[in-house]
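1. Build the 3D model from these lines:
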Amino acid sequence: MTITVNAAAIKEASAKLSNWGRWGKDDMSGTLNYVEPHHIVEAAKLIRKGKSFALGIPLDRTGPQSGLFGGRFNPIHQMLATGTDALAGQQDWNKLRYADDTLMLCVQGATHWDSLGHIFYEDKAYNGHSPKLIDSRGLSVLGIEHSKDKMNGRGVLLDIARFRGVPWLKDGEGIGNDELDACAKAQGVKIGRADFVIIRTGQMERCLAEKEWGGYAGGDAPGVKFENCYWCHEKEIAALITDTWGCEVRPNETKDANQPWHWVVIPAMGLCMGEIFYLKELAEDCAKDKVYEFFFCGPPLIITGGTGSPINPQAIK
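-> Numbering: from 1, shown residues only. Just a heads-up that it's a prediction; the model follows:
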């Protein structure tokens, strides 16, 4: 489909694709409601090798954050007690020698989920909730804690970079709906209701290979086109996940809005979204055995009122 992306297109998609009230006026889980017990049972049958792939990046000072988006920073890891303290006798008063530490981080600074309270459209959040309920104390509605037991099911990798025959897509290259369908067909998989769809662009792998994050965490990137919101709605997927910082193509297809796809999929559709996923090893294994579906598990930390959560999700084949 061809869409001229502008404020009118955003308004039209928000109205056509809205899931407000679909799962009740108090719903805070959005498209994760598609996942029913039988989906999880069927997904578990995809585990045949007992082989796990970690899809999270390390939480350390070498992460991608450079302040490009909202002043986000890489995790700050500090020691509260150390082995050197122990050997110096500084802990003997406690009759226990130990190590202890603390971690300060942005919940969306590394591999993470976005919560449904992360983005507003005009004066409303998902399901008609008021942004007034999201203040300095956290999210009174739509916090990430509502997803604590819902991030399990069938995962499908759509390896767009390998489908195109390139190591990675260039920044600014968009991915259309037809290409997603063609990639799925070439890989021998069908996208179905309640799936956790993972799209590989290779952008993170390029940054790691070049040993330079550059604008990764807030700049230009390959990604899905705005039209993808219609694809996600039609397929009734549980979540869309990518190896980029924002899923959608950057520069955006319009200057009327920053991240126009986000404007629709979170506040109107309630779509679960995963970002900054590490996909290299999973993609290599899928290319080798030609199996692009697996059991997916990625529960968030239970951060009460959180706009998201860092995670180390697993793909298990």
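2. can you tell me which residues contact the closest residue to residue 289 other than its chain neighbours?
-> Nearest residue to residue 289 in three dimensions, chain neighbours excluded: residue 317, at 7.7 Å (Cβ to Cβ, 6 or more residues apart in numbering). To be clear about C-beta, it is placed using only N, CA and C from the backbone, and glycine gets the same treatment. Counting by Cβ atoms under 8 Å, 6 or more residues apart in numbering, residue 317 makes contact with 46, 47, 48, 49, 51, 53, 285, 289, 291, 294, 295.
3. And the strands in the stretch 1-150 of the chain?
-> Secondary structure of the stretch 1-150 of the chain (DSSP state E, counting those that start in this stretch): strands at 52-54, 76-81, 100-104, 112-114, 134-135, 138-139.
4. Throw those strands into CSV and include distance to residue 256 and mean pLDDT, thanks.
-> CSV is the format used below for these (distance: least, Cβ to Cβ, whole Å; pLDDT from 0 to 100):
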stretch, distance to residue 256, mean pLDDT
strand 52-54, 39, 98
strand 76-81, 37, 96
strand 100-104, 36, 97
strand 112-114, 21, 98
strand 134-135, 24, 95
strand 138-139, 27, 96
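5. Figure out which of those is closest to residue 171.
-> Closest approach to residue 171 among these (Cβ to Cβ): strand 112-114, 21.0 Å.
6. which helices and strands does that closest one pack with?
-> Judged by 3 or more Cβ pairs under 8 Å, 6 or more residues apart in numbering; DSSP states H and E, the packing partners of strand 112-114 are strand 272-275, strand 308-310.
7. now for the last one, which elements pack on it?
-> Here strand 308-310 touches strand 112-114, going by 3+ Cβ pairs under 8 Å, 6+ apart.
8. The strand it packs on pairs with which strands, and in what direction?
-> Neighbouring strands of strand 112-114 in its sheet, by DSSP bridges, are strand 272-275 (antiparallel), strand 308-310 (antiparallel).
9. what about the helices in the stretch 1-150 of the chain?
-> Assigned by DSSP state H, counting those that start in this stretch, the helices in the stretch 1-150 of the chain fall at 7-16, 37-44, 83-87.
10. Let's have the strands paired with strand 112-114 in TSV, adding mean pLDDT, distance to residue 102 and mean neighbour count.
-> Listed next are the strands paired with strand 112-114 as TSV, based on pLDDT from 0 to 100; distance: least, Cβ to Cβ, whole Å; neighbours: other Cβ atoms under 10 Å:
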stretch	mean pLDDT	distance to residue 102	mean neighbour count
strand 272-275	97	25	25
strand 308-310	98	15	24
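11. Spell out the secondary structure type for residue 161.
-> In three-state terms, and counting by DSSP: H, G, I helix; E, B strand; the rest coil, residue 161 is helix.
12. and it, what is it in contact with?
-> Contacts of residue 161 (Cβ under 8 Å, 6+ apart): 167, 168, 169, 200, 201, 202, 283.
13. among those residues, which are in helices?
-> Among these, the ones falling in helices (DSSP state H) are residue 283.
14. Can you tell me which residue is spatially central in this structure?
-> By Cα atoms, centre = their mean, the mean C-alpha position of the chain lies nearest to residue 274, the distance being 0.7 Å.
15. That residue: what's it in contact with?
-> Contact analysis of residue 274 by Cβ under 8 Å, 6+ apart lists 111-114, 196, 198, 239-242, 298, 311, 313.
16. and it, what are its bridge partners?
-> Counting by DSSP bridges, residue 274 is bridged to residue 113, residue 241.
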